[in-house]
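A.B. asks: pasting the sequence and the predicted coordinates here, then a few questions.
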Amino acid sequence: RKEVEQDPGPFNVPEGATVAFNCTYSNSASQSFFWYRQDCRKEPKLLMSVYSSGNEDGRFTAQLNRASQYISLLIRDSKLSDSATYLCVVNMGGNTPLVFGKGTRLSVIA
Amino acid sequence: DTGVSQNPRHKITKRGQNVTFRCDPISEHNRLYWYRQTLGQGPEFLTYFQNEAQLEKSRLLSDRFSAERPKGSFSTLEIQRTEQGDSAMYLCASSLVLAGTYEQYFGPGTRLTVT
């Protein structure tokens, strides 16, 4: 089982739609979780950190379910500019490096 | 611009040549990471430094790869005797590790093409 798994998509949604991505992780000792956004041929940019059960920032909501070992990202009222790859990232604890999923590709269509 | 910077942004080299990349982290950050990313994959960890100490190396980092951070500021990643399989985006990230926070901020990357 891969350490961090995501549905690669692509998710093709119309503007204004709500879309949700799920991510599962294998290490139950994982301590912190992140969503990064990556545009084509650009670097990943931090979108949200999730240290407790969830986090909300405007149209974006991240939720963490430690019992089931998954993290979700919900995007409401999708904009064309939300089109990107969304990377689920897990910190296994302490000094360990971040582990990235392969990413989920989102295309928001006019 | 006070973000992470990387140079060069693009490098094309012939197989067998050596290449060196540089990363300048955010100035107050004490940790610096190197990742490699290929098409359709997430970034894969290569190595990281806390200040000038190299604390961990991935098994992806063969003996042809070496990284340094001599004064705890900028870092270099050298690949010797490049192979076509080394073609990838090499990403650098930095972080300021405080109690319980581990956010990393990435530079724009160096895209390596080995012909």
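C.D. replies: That came through, no problem.
A.B. asks: quick one, strands of chain B?
C.D. replies: B:5-7, B:10-13, B:19-24, B:31-37, B:44-50, B:53-57, B:65-68, B:75-79, B:88-95, B:105-106, B:110-114 (DSSP state E).
A.B. asks: as TSV, the ones you listed with mean pLDDT, distance to chain A and mean neighbour count would be great.
C.D. replies: C-betas here are computed from N, CA, C, even on glycine. Below are those laid out as TSV (pLDDT from 0 to 100; distance: least, C-beta to the nearest C-beta, whole Å; neighbours: other C-beta atoms under 10 Å in any protein chain shown):
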stretch	mean pLDDT	distance to chain A	mean neighbour count
strand B:5-7	97	9	17
strand B:10-13	98	11	14
strand B:19-24	98	12	19
strand B:31-37	95	7	24
strand B:44-50	94	4	21
strand B:53-57	91	7	13
strand B:65-68	96	13	17
strand B:75-79	98	15	19
strand B:88-95	96	6	23
strand B:105-106	95	4	20
strand B:110-114	98	8	18
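A.B. asks: reformat those strands as JSON lines; add distance to residue A:80.
C.D. replies: Formatted as JSON lines, the strands of chain B follow (distance: least, C-beta to C-beta, whole Å):
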{"stretch": "strand B:5-7", "distance to residue A:80": "29"}
{"stretch": "strand B:10-13", "distance to residue A:80": "28"}
{"stretch": "strand B:19-24", "distance to residue A:80": "32"}
{"stretch": "strand B:31-37", "distance to residue A:80": "25"}
{"stretch": "strand B:44-50", "distance to residue A:80": "30"}
{"stretch": "strand B:53-57", "distance to residue A:80": "40"}
{"stretch": "strand B:65-68", "distance to residue A:80": "39"}
{"stretch": "strand B:75-79", "distance to residue A:80": "36"}
{"stretch": "strand B:88-95", "distance to residue A:80": "25"}
{"stretch": "strand B:105-106", "distance to residue A:80": "24"}
{"stretch": "strand B:110-114", "distance to residue A:80": "26"}
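A.B. asks: contacting residues around the closest residue to chain A within chain B?
C.D. replies: Closest residue of chain B to chain A, C-beta to the nearest C-beta: residue B:42 (3.3 Å). Taking C-beta atoms under 8 Å, 6 or more residues apart in numbering or on different chains, we find residue B:42 in contact with A:4, A:87, A:89, A:100-103.
A.B. asks: can you tell me which of the strands of chain B is nearest to residue A:10?
C.D. replies: Nearest to residue A:10 among these is strand B:31-37 (18.3 Å), distances taken as C-beta to C-beta.
A.B. asks: parallel or antiparallel, which strands does the closest one pair with?
C.D. replies: strand B:44-50 (antiparallel), strand B:88-95 (antiparallel) (DSSP bridges).
A.B. asks: just so I know, which of the ones you listed lies nearest residue B:27?
C.D. replies: Per C-beta to C-beta, nearest to residue B:27 of the strands paired with strand B:31-37: strand B:88-95, 9.2 Å.
A.B. asks: what's the closest non-adjacent residue to the spatially most central residue of chain B?
C.D. replies: The residue lying closest to the centre of chain B (C-alpha atoms, centre = their mean) is residue B:34, at 3.0 Å. In this structure, residue B:34 finds its nearest non-sequential neighbour in residue B:46, 4.3 Å apart by C-beta to C-beta, 6 or more residues apart in numbering or on different chains.
A.B. asks: kind regards, and thank you for your time.
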